[in-house]
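Colleague: sequence unknown, structure follows:
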């Protein structure tokens, strides 16, 4: 498995992000979906990585720079066909290393409250993330939880 910065142009990554958005809208009300589409992920403040095996996209994650020293995890996704293979764990370890190397002191994220998101919440908890109040432009929402980690 290999993790690399991706330009968001390949069919595999576009299909993975489409799968991601479909699941987000299937599990959360539209006003509670904060996942970005391909164009939203092409912002200069965002770096996007894909994890591939034999050129097949198995997962992705993005790091969005907020205010100085604070980053947000966006679009963390494991392909349905790759669940249970440690893809999310590898991506998160990679992202934590990148955030530290870039001098971030804090990483935060938003994820859902529904059972669908339980594996994600457990993964973040395993890596030391704790629950927090909304950050950046987020507001309290019964369908969202917010987590943060001091690096």
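Modeller: Now that the structure is in, tell me what you want to look at. Given the structure is predicted, the values throughout are model-derived calculations rather than measurements.
Colleague: going forward, measure contacts and count neighbours with C-alpha atoms only.
Modeller: Will do.
Colleague: hang on, residue 27 packs against residue 114?
Modeller: Yes. Using CA atoms under 8 Å, residue 27 is in contact with residue 114, at 7.3 Å.
Colleague: Neighbour count for these two, which is higher?
Modeller: Neighbour totals were compared for residue 27 and residue 114, and residue 27 leads with 18 against 13 (other CA atoms under 10 Å).
Colleague: how close does the more buried one sit to residue 115?
Modeller: Distance, residue 27 to residue 115, by CA to CA, to the nearest Å: 9 Å.
Colleague: quick one: common contacting residues for those two?
Modeller: Residues touching both residue 27 and residue 115 (CA atoms under 8 Å, 6 or more residues apart in numbering): there are none.
Colleague: top helix in the chain by residue count?
Modeller: helix 11-27 (DSSP state H).
Colleague: List the residues that contact the residue minimising distance to the centre of the chain.
Modeller: Nearest residue to the geometric centre of the chain (CA atoms, centre = their mean): residue 76, 2.5 Å. Contacts for residue 76 (CA under 8 Å, 6+ apart) come out as 59, 60, 61, 62, 88, 91.
Colleague: of all the residues you listed, which comes closest to residue 136?
Modeller: Taking CA to CA as the measure, residue 136 lies nearest residue 62 of the contacts of residue 76, at 16.3 Å.
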